[in-house]
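Q: next comes the sequence, and after it the predicted model I'd like to discuss.
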Amino acid sequence: MPKRLVKLGAIFLLGDAATFLLLLWTLLILWPSSSYMRDLYDDDGRGGGRGALGARAVMRCRRCALVTSSGHVLGSGAGDEIDGAECVIRMNDAPTSGYERDVGTRTTLRLLGHRAVDKFATRNWAELLEDRRVPANVVFWGLPWYSPLVYSPLIGSFCRVFKRSSNCFRIGKDAERAKFDALYRKETGLEAGVGSQNWLSTGFIAMAMATESCDRVTVYGMVPPDHCAAAATAAAPDAPRRTAYHYYQPDGPGECEYYLEHEAGLPGGSHRFITEKRVYARWAQTHNITFAHPSW
């Protein structure tokens, strides 16, 4: 095992984010990073895709499992079923270690947003060090002001490690981000991104990419658009039980609480999770998408 991976593993085990970030900056200085990653749509924006986005796919798969980070996956026992899919898609810093029975171990594509990069390193060190867990493809995406000083250095350092067995991409160019903003506008009638009050979720980007890459998609842990409606009235007898927003953070915010708060709008902008789920419900009719745990 390369010495730098052993050192990374030791720091990840310590869980010291500040030390980890210092190491990434050191790696950046010692080893130039530009050759380790490439833009996701390096075809100058040409289309030709078959899915919602109309863009070139990262991979081609007959059957995909898209594993959400929702607490609904806990207790599902779907790990073997997920690992049995040809391609497995995961998002942000959602771990597999310790949750194998419910979420599996394999990762074909991991989509990492800018705010999850350092969290992923401290929470998911096993995916960097164990060959059976290393994702085949890693796609980084983030807000434009993260690119020059923070975002690019972080993903550059990650790509050095992932490069041993992964394809490493970034959604960095304005034209690339504009593809997703335009799709969001088309599907919701809302503006997204800088200057708006709406921010795309990593889930929206993952779902759009899945329609490009997969003949059939099973989404694990995603609730239907109306799931949280009963939770809006605390006294409702059929209000959904509290489920954690992230399966690996049981003491974190509740899923419906978080969804409803964002859907109502937050200062500085929100993820419109429920609005996005209405889009997914429509896509399911045309892109061969099914939902499991819960099924709908």
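A: Here it is on my side, so go on. Numbers count the residues shown, from 1 in each chain.
Q: please count neighbours and contacts with C-alpha atoms only from this point.
A: Will do.
Q: the stretch 51-200 of the chain: strands as residue ranges?
A: 61-67, 87-91, 109-113, 137-141, 167-171 (DSSP state E, counting those that start in this stretch).
Q: looking at the ones you listed, which is closest to residue 195?
A: Minimum separation from residue 195 across those (CA to CA) falls at strand 137-141, 18.1 Å.
Q: angle of the strand or helix carrying residue 209 against strand 87-91?
A: Using DSSP states H and E, the element containing residue 209 is helix 202-213. Taking axes from the mean of the first three to the mean of the last three CA atoms, to 10 degrees, one finds helix 202-213 and strand 87-91 inclined to each other by 160 degrees.
Q: would you tell me what the next helix or strand after helix 202-213 is?
A: Helix 202-213 is succeeded, C-terminally, by strand 214-220 (DSSP H and E).
Q: give me the helices and strands touching that next one, please.
A: For strand 214-220, the elements it packs on are strand 61-67, strand 289-292, judged by 3 or more CA pairs under 8 Å, 6 or more residues apart in numbering; DSSP states H and E.
Q: that older thread, check which helices and strands the helix holding residue 209 sits against.
A: The contact analysis (3+ CA pairs under 8 Å, 6+ apart) places helix 202-213 against strand 61-67, strand 87-91, strand 109-113.
Q: output the contacting helices and strands for the last one.
A: Packed against strand 109-113 by the contact rule (3+ CA pairs under 8 Å, 6+ apart) you find strand 87-91, strand 137-141, helix 202-213.
Q: the second one pairs with which strands?
A: For strand 137-141, the paired strands and their directions (DSSP bridges) read strand 109-113 (parallel), strand 167-171 (parallel).
Q: what of the first one?
A: Strand 87-91 has its sheet partners listed here by DSSP bridges as strand 61-67 (parallel), strand 109-113 (parallel).
Q: which of these has the lowest average pLDDT?
A: Mean pLDDT per stretch puts strand 109-113 lowest among the strands paired with strand 87-91, at a mean of 90.
Q: may I have that strand as CSV, with CA atoms only?
A: Only the C-alpha atoms of strand 109-113 are listed here, as CSV (Å, rounded to 0.1, in the frame of the first residue of the first chain):
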residue,chain,number,x,y,z
LEU,A,109,-20.4,6.4,-8.5
ARG,A,110,-20.1,8.8,-5.5
LEU,A,111,-21.2,12.3,-6.0
LEU,A,112,-19.6,14.7,-3.5
GLY,A,113,-20.7,18.3,-2.9
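Q: and for it, what's in contact with it?
A: Residues from elsewhere that reach strand 109-113, judged by CA atoms under 8 Å, 6 or more residues apart in numbering: 87-93, 135-142, 202, 206.
Q: over to stretch 192-206?
A: 68, 89, 91-92, 111-113, 180-181, 184-185, 190-191, 265, 268-273, 276.
Q: tell me the mean pLDDT for that stretch?
A: 88.
Q: buried residues of it, list them for me.
A: Across stretch 192-206, burial judged by 16 or more other CA atoms under 10 Å covers 192-193, 197-200, 202-206.
Q: and those residues as JSON lines, adding distance to residue 254?
A: JSON lines is the format used below for the buried residues of stretch 192-206 (distance: CA to CA, whole Å):
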{"residue": "192", "distance to residue 254": "25"}
{"residue": "193", "distance to residue 254": "25"}
{"residue": "197", "distance to residue 254": "22"}
{"residue": "198", "distance to residue 254": "21"}
{"residue": "199", "distance to residue 254": "20"}
{"residue": "200", "distance to residue 254": "20"}
{"residue": "202", "distance to residue 254": "18"}
{"residue": "203", "distance to residue 254": "17"}
{"residue": "204", "distance to residue 254": "20"}
{"residue": "205", "distance to residue 254": "22"}
{"residue": "206", "distance to residue 254": "22"}
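Q: buried subset of the contacts of stretch 192-206 as a ChimeraX selection?
A: Buried subset of those, written as a ChimeraX selection, criterion 16+ other CA under 10 Å:
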select :68,89,91,92,111,112,113,180,181,184,191,269,270,271,272,273,276
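Q: could I get the strands of the stretch 51-200 of the chain as TSV with distance to residue 39?
A: What follows is these, written out as TSV (distance: least, CA to CA, whole Å):
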stretch	distance to residue 39
strand 61-67	21
strand 87-91	19
strand 109-113	14
strand 137-141	9
strand 167-171	5
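Q: this completes my enquiry, with thanks.
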